[in-house]
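Undergrad: all I have is the shape, not the residue letters:
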């Protein structure tokens, strides 16, 4: 699997229980270098919200998604687990880029 980026969902929660710790551990154990970023801090306010009103510290995941897609020479498969707010915000910022560069979007959501 060619992992090009990891988004840590629910940025406000990441400040309390950082997912970056296990990500760093797994990258170390596998000797891989994969960019990762904390996602939007809060839920989107409407179906067309692009998340730009949220603090800068929570913008990096949307930027990472857009950057990976822009740099990819071919369409990619996106695997998600969680809220998808960062994918939705990325779509609202650059809809044509996502339409052109996402070949498949696998969605795993829910709350046990």
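TA: Arrived safely, thanks for sending. What you are looking at is a predicted structure, and each value in this text was computed from that prediction instead of being measured. Residues are numbered from 1 along each chain as shown.

Undergrad: got any ranges where the protein has weak pLDDT?
TA: The model of the chain has pLDDT under 70 over residues 110-112.

Undergrad: the residue sitting nearest the centre point of it pairs with what?
TA: Per CA atoms, centre = their mean, the C-alpha nearest to the average position across the chain is that of residue 7, at 3.7 Å. Note on residue 7: beta-bridge partners by DSSP bridges are residue 37.

Undergrad: and it, what does it touch?
TA: Going by CB atoms under 8 Å, 6 or more residues apart in numbering, residue 7 touches 36, 37, 39, 61, 64, 65, 86. In short, each C-beta sits where N, CA and C put it, glycine included.

Undergrad: let's go with 6 Å and repeat that
TA: 39, 61, 86 (CB atoms under 6 Å, 6 or more residues apart in numbering).

Undergrad: gap between it and residue 59?
TA: 12 Å (CB to CB, to the nearest Å).

Undergrad: now do residue 16
TA: 19 Å.

Undergrad: out of the two, which sits in the busier spot?
TA: residue 59 (20 against 7; other CB atoms under 10 Å).

Undergrad: quick check: phi and psi at that one.
TA: Main-chain torsions, residue 59, degrees, to the nearest 10: phi -90, psi -10.

Undergrad: same deal with the one 4 residues further on?
TA: For residue 63, the backbone dihedrals are phi -60, psi -40 (criterion: degrees, to the nearest 10).

Undergrad: residue 58 too?
TA: The phi/psi pair for residue 58 (degrees, to the nearest 10) is phi -100, psi 10.

Undergrad: hang on, the earlier thing: selection in PyMOL covering whichever of the contacts of residue 7 are buried, please.
TA: In PyMOL syntax, the buried subset of the contacts of residue 7 is picked out as below (16 or more other CB atoms under 10 Å):
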select buried, resi 39+61+86
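
Undergrad: which among the contacts of residue 7 gets closest to residue 105?
TA: For the contacts of residue 7, the residue nearest residue 105 by CB to CB is residue 86; the value is 12.4 Å.

Undergrad: and the helix or strand where that closest one lies, what does it pack onto?
TA: In this assignment (DSSP states H and E), residue 86 forms part of helix 85-93. Counting contacts by 3 or more CB pairs under 6 Å, 6 or more residues apart in numbering; DSSP states H and E, helix 85-93 packs against helix 60-71.
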